[in-house]
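**Student:** after the sequence you'll find the predicted model.
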Amino acid sequence: MPPYINDLNINISLQTQPLAQQGFGMPLILGHRTAPSGLIGDYGEFSDPASMVAAGFTVDDPEYKMAALMFAQSPCPEKIAVYVRDAEDSISASLAELVESHNDWYALLITERAKADLQEAGTWAMANEKIFFGCTTDVTALDGRNNIREAYLIHSDAASFPEAAWVGLCLPQDIGSITWKWKRPTGVIASTFDLTTLAAIRAGKGQTMSSRSGVVYTDEGITTGGEYIDIIQSRDYLKARLGEELFNLQVKSGKVPFDNTGFARVEAVIRSVFKQAGKQGIIARVVDEADKEYSDEGVYMYTLSVPRRADIPANDRAARKLTGVSFQLVIAGAVHNIAVSGVITV
């Protein structure tokens, strides 16, 4: 998308860890080639594997294999973006160049398996409000990582691209409707790590593919920064939707007056975004009296404060800045662990 000066500043901080219609459904597969290759520098958006073959990929290419796994899921992405970089260029430089012209994608995957490549891609994602999904056999890739925009799948068969299946299954689903744990993507096998290694992966805030009762599933659904993937998605969704809807209010109105009637229109837009987020399962629903403490409308657990005109500083009024709008919301979250205790008597 072309650059623009942003006059709509949306800041959402995360306070969800214990104390001590932007294109969210489209992934990008970043491949690489050495010259000469006619695919270097090519960006494409594909709706099925056959269209990739028509564009010059073969069924043996890693980009094709990753895309085929994504399309094999149900649901699956409507479209998948693929970009092939020159192997002599760094991942970061290639992505920086790409987003100048093609930026309507959200999740990043790479064909490389080395931890240095994963870490470079994750660091880039953090700086650019994307989310990166990497896969390797190397448990040490988790060492020292603390990034809420990267998730590492540690797998004994990383060469089979199991993260592509995982992303292909989860990314198309409505944000707020799922957690990334307990998912059963098609076409993957469980890792063969021992219990000690599995414990190290979880301690390092990674995940793998586990098997129980014949079911292969993802375990754990968390970023290396310790935040759950669905919460990062929820934050990004809210920021994007608030920005889009407030922009629509401005451009479709003759003007939004700088008075309490205009502020009420802004409030109504924000509440409409929050209500939709509540319906999707992003914001927790009020279910008992205790929950009402966190709700000013009694349906979803959020509160919104919009100032009166008289309460806005004179300098802000002169600059036409509506300041002091704030909110708090409770994320719905999901059950990841269950503890049950009981007593059996005769």
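**Tutor:** That came through, no problem.
**Student:** against residue 147, how distant is the most centrally placed residue in the chain?
**Tutor:** The centre of the chain sits closest to residue 233, judged by CA atoms, centre = their mean, with a distance of 3.8 Å. When CB to CB, to the nearest Å is applied, the distance between residue 233 and residue 147 equals 15 Å. C-betas here are computed from N, CA, C, even on glycine.
**Student:** residue 256 now?
**Tutor:** 38 Å.
**Student:** next one: the helix or strand hosting residue 96 to chain centre, how far?
**Tutor:** Under the criterion of DSSP states H and E, residue 96 resides in helix 91-98. Counting by CA atoms, centre = their mean, to the nearest Å, helix 91-98 is centred 19 Å from the centre of its parent chain.
**Student:** downstream of that helix, the next helix or strand is which one?
**Tutor:** Next helix or strand after helix 91-98 toward the C-terminus (DSSP H and E): strand 107-110.
**Student:** now for that next one, which elements pack on it?
**Tutor:** strand 27-33, helix 115-128, strand 131-136, helix 162-170 (3 or more CB pairs under 8 Å, 6 or more residues apart in numbering; DSSP states H and E).
**Student:** show me this protein divided up by domain.
**Tutor:** Per the record, the chain has its domains at 27-227, 230-329, by automatic domain parsing.
**Student:** want to throw these into TSV with distance to residue 10 and mean pLDDT?
**Tutor:** Converted to TSV, the domains of the chain look like this (distance: least, CB to CB, whole Å; pLDDT from 0 to 100):
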stretch	distance to residue 10	mean pLDDT
domain 27-227	12	96
domain 230-329	5	96
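**Student:** for the ones you listed, which one sits closest to residue 335?
**Tutor:** Nearest of the domains of the chain to residue 335, taken as CB to CB: domain 27-227 at 8.2 Å.
**Student:** among the domains of the chain, which is the most enclosed?
**Tutor:** Stretch with highest mean neighbour count among the domains of the chain: domain 27-227 (a mean of 19; mean count of other CB atoms under 10 Å).
**Student:** what's residue 225 in contact with, if anything?
**Tutor:** 145, 146, 147, 148, 149, 150, 205 (CB atoms under 8 Å, 6 or more residues apart in numbering).
**Student:** spatially nearest residue to it (excluding sequence neighbours)?
**Tutor:** residue 148 (3.5 Å; CB to CB, 6 or more residues apart in numbering).
**Student:** isn't residue 43 right up against residue 100?
**Tutor:** No - counting by CB atoms under 8 Å, residue 43 stays clear of residue 100, with 11.2 Å between them.
**Student:** for the stretch 201-346 of the chain, which segments count as helices?
**Tutor:** With helices called from DSSP state H, counting those that start in this stretch, the stretch 201-346 of the chain shows them at 229-251, 260-280, 314-318.
**Student:** could you redo these as a markdown table and give each row distance to residue 295?
**Tutor:** Shown next, in a markdown table, are the helices of the stretch 201-346 of the chain (distance: least, CB to CB, whole Å):
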| stretch | distance to residue 295 |
| --- | --- |
| helix 229-251 | 16 |
| helix 260-280 | 10 |
| helix 314-318 | 29 |
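**Student:** so residue 307 touches residue 266, yeah?
**Tutor:** No - with contact defined as CB under 8 Å, residue 307 does not reach residue 266; the gap is 10.6 Å.
**Student:** what residues are shared contacts of those two?
**Tutor:** Residues touching both residue 307 and residue 266 (CB under 8 Å, 6+ apart): residue 325.
**Student:** list the contacts for the residue nearest to residue 277 when sequence neighbours are not counted?
**Tutor:** The shortest distance from residue 277 to any residue other than its chain neighbours is 4.9 Å, reached at residue 283 (CB to CB, 6+ apart). By CB under 8 Å, 6+ apart, the contact list for residue 283 reads 176, 274, 277, 300, 301, 302, 329, 330, 331, 332.
**Student:** would you mind measuring from residue 283 to residue 299?
**Tutor:** Distance from residue 283 to residue 299, by CB to CB: 9 Å.
**Student:** and the contacts of stretch 55-68?
**Tutor:** Residues contacting stretch 55-68 (CB under 8 Å, 6+ apart): 29, 31, 38-39, 42, 44, 46, 49, 52-53, 80, 82, 84, 109, 111, 161, 164.
**Student:** can you rerun that using 7 Å?
**Tutor:** 29, 31, 38-39, 44, 46, 49, 52, 80, 82, 109, 111, 161, 164 (CB atoms under 7 Å, 6 or more residues apart in numbering).
**Student:** over to stretch 139-157?
**Tutor:** For stretch 139-157, the surrounding residues in contact (CB under 7 Å, 6+ apart) are 115, 118-119, 122, 125-126, 130-137, 162-163, 166, 189, 191-193, 197, 200-201, 204-209, 222-225, 227, 229, 232.
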